[in-house]
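1. The sequence and its predicted three-dimensional model are supplied below.
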Amino acid sequence: MAKSPGKKVENAQRLRYIRVLERFKKSMSGYLLNSEEVTKVLFDKKVDNNRRYLERVEPVVLYKGEFGDLEKLVKKIMTYRDSDDEIETIRSELLYEINQLEKNINNRRYKRDKHTSEKFKDWE
């Protein structure tokens with residue numbers, strides 16, 4: 001049975017929304033990590049530039065946990081844009097949140113073998 005055209009459009013919208021969220025996160029994490037001089041003015045400008053891309057795409061309900069966490073992180077970044085916090089506290093908190101998100105994603109995708117040395121004892 002083929003998928004209905006409405007389902008294809010919905011999947012395309014979801015994928016587009018996820019990609020925009022990932023682009024937003026990647027852009028902001030790159031700025032916070034790699035810039036020598038991080039200022040509140042430049043942070044606000046970067047958030048505004050990324051918000052334009054986010055406004056072009058229609059928001060979609062995301063059911064998977066890691067995508068929900070990604071959406072929460074992007075919303076948190078946008079709330080920091082309007083806050084009066086110091087840029088160093090914003091930077092440290094956002095880098096921590098980004099790191100935790102990446103750790104959760106990597107933990108779901110990669111599982112280390114605990115007993116690899118015992119696996120080959122019979123071969124000796």
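-> Alright, I've got the coordinates.

2. Flag the helix or strand of this protein with the lowest per-element mean pLDDT.
-> Of all the helices and strands that make up the chain, helix 116-119 has the lowest average by mean pLDDT, DSSP states H and E, namely a mean of 68.

3. elements contacting the biggest helix by length in the chain?
-> Looking only at the chain and at elements set by DSSP state H, the helix with the highest residue count is helix 5-34. Judged by 3 or more C-beta pairs under 8 Å, 6 or more residues apart in numbering; DSSP states H and E, the packing partners of helix 5-34 are helix 40-56, helix 65-82, helix 87-109. C-beta here means a position set from N, CA and C on the backbone, and glycine is covered the same way.

4. Those helices into a markdown table, with extra columns for mean pLDDT and distance to residue 24?
-> Formatted as a markdown table, the helices and strands packed on helix 5-34 follow (pLDDT from 0 to 100; distance: least, C-beta to C-beta, whole Å):
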| stretch | mean pLDDT | distance to residue 24 |
| --- | --- | --- |
| helix 40-56 | 92 | 5 |
| helix 65-82 | 91 | 5 |
| helix 87-109 | 89 | 11 |
